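Q: Give me a model of this one.
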Amino acid sequence: MLASFFDHYLPVVICLLEFMGVVVIVITATKAFGIYLKGVLSRHIEDDQIKTDFSKGLAMSLEFLLSAEVLKTII
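A: Numbers count the residues shown, from 1 in each chain. Down below sits the predicted model:
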């Protein structure tokens, strides 16, 4: 019973986790680039905010991707 659960649903969960990780990276990079462009246009770049937001987003996306890799080891 547990083996059939792993065979049927675990690949779907892994794909969803990987997709969520990629989505977080895209959103975070877009947001950081938007803040950078806004700073360039106003001639006041908020370097610390860009780095902090981007690093937090990358950390979150890595959590999703790492959890997908851990689940891949179960298969």
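
Q: CA atoms for contacts and neighbours, from now on please.
A: Noted.

Q: and K31, what element?
A: Taking DSSP states H and E as the definition, K31 sits inside helix 2-42.

Q: Just give me the residue right at the centre of the chain.
A: With distances taken as CA atoms, centre = their mean, the residue of the chain nearest its centroid is S61 (2.3 Å).

Q: buried set for the helix or strand containing that one?
A: If you go by DSSP H and E, S61 is part of helix 47-74. Using 16 or more other CA atoms under 10 Å as the test for burial, helix 47-74 gives 50, 53-54, 57-58, 60-62, 64-65, 68, 71.

Q: do stretch 8-15 as well
A: For stretch 8-15, burial by neighbour count (16+ other CA under 10 Å) applies to 10, 14.

Q: Let me see the residues that make contact with that stretch.
A: Stretch 8-15 has contacts (CA atoms under 8 Å, 6 or more residues apart in numbering) with 68-69, 71-72, 75.
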